[in-house]
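A.B. asks: Provided below for reference: sequence and predicted model.
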Amino acid sequence: MTSRSRLEAHLPTLERGINRLADVVVRFLTHHWLFAVNGALALYLSLAAAAPVLMAFGWELPSNAIYLLFRPICHQLPSRSHFIAGHQMACCQRCTAIYGSLLLGGLLFVLLRGWLRPLPWKAYLVLVAPMAVDGLTQLVGLRASSWELRTLTGGLFGLATVWLVYPFFHRTMVEIRSLLDQTGGFGRQPAPVRDG
């Protein structure tokens with residue numbers, strides 16, 4: 001038996017294994033997507049706060065690695081950042097507010113997901129406009145923003161984003177679970193529908 005024919009003989013078993021794995025992963029994510037998102041946001045904020053703490057203890061290598069990791073995500077300007085133990089956080093005040101409010105909104109969504117409807121687009125645009133105005137007017141030099149305003153507008157943006165996006169995510173995950181339950185999972189054909 002050639003190696004190709006041996007491989008072809010094992011393909012159905014391999015395909016079943018891949019389908020089973022995909023089924024387990026997708027079912028897990030459809031049940032626990034909110035936990036995964038909230039966990040990622042908590043990790044992100046924890047790392048941003050850990051960088052200055054590590055620096056304060058003299059652990060420069062892990063601290064600098066965190067700052068480097070955050071650099072593509074945030075400008076890290078000292079004048080627009082919070083400080084812990086005399087060292088700058090790895091993300092700015094607005095980013096801290098955005099991700100902090102995404103986490104807060106995600107934790108609130110745990111309680112509200114059964115009945116919260118998505119925020120209408122027009123309302124979303126109204127709620128995120130203050131951050132756009134604050135950021136753009138500061139960027140072009142018309143005025144200087146304050147940490148309070150950056151925190152308020154970033155927080156409003158994060159909460160509005162949760163209100164807009166998370167209800168859609170929840171509904172989509174419920175639909176995917178329902179579809180998997182109807183078909184029996186990946187790689188299986190749905191049962192034929194029988195008339196009465």
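C.D. replies: Ah, there it is.
A.B. asks: most centrally placed residue in this protein?
C.D. replies: Geometric centre of the chain, nearest residue: Val37, 4.6 Å, by Cα atoms, centre = their mean.
A.B. asks: looking at that one now. What's its pLDDT?
C.D. replies: Looking at Val37, its pLDDT stands at 97.
A.B. asks: also the one 5 residues further on?
C.D. replies: On pLDDT, Ala42 comes in at 98.
A.B. asks: longest helix of this structure?
C.D. replies: Counting by DSSP state H, the longest helix found in the chain is helix 3-56.
A.B. asks: thinking again about what came up before, got a list of what the residue nearest to the centre of the chain touches?
C.D. replies: Gly106 (Cβ atoms under 8 Å, 6 or more residues apart in numbering). From N, CA and C alone the C-beta is placed, and that goes for glycine too.
A.B. asks: cool, and Gly135?
C.D. replies: Counting by Cβ under 8 Å, 6+ apart, Gly135 has contacts Arg94, Ser145, Thr153.
A.B. asks: pLDDT check: weakest of those residues?
C.D. replies: Ranking those by pLDDT, Ser145 lands last with 91.
A.B. asks: can you check my assumption that that residue lies in a helix?
C.D. replies: No: assessed by DSSP: H, G, I helix; E, B strand; the rest coil, Ser145 does not belong to a helix; its assignment is coil.
A.B. asks: against Cys91, how distant is the nearest residue to it once chain neighbours are set aside?
C.D. replies: The shortest distance from Ser145 to any non-neighbouring residue, by Cβ to Cβ, 6 or more residues apart in numbering, is to Gln138 (4.5 Å). Noted for Gln138: a distance of 17 Å to Cys91, by Cβ to Cβ, to the nearest Å.
A.B. asks: same question, Arg80
C.D. replies: Distance from Arg80 to Cys91, by Cβ to Cβ: 10 Å.
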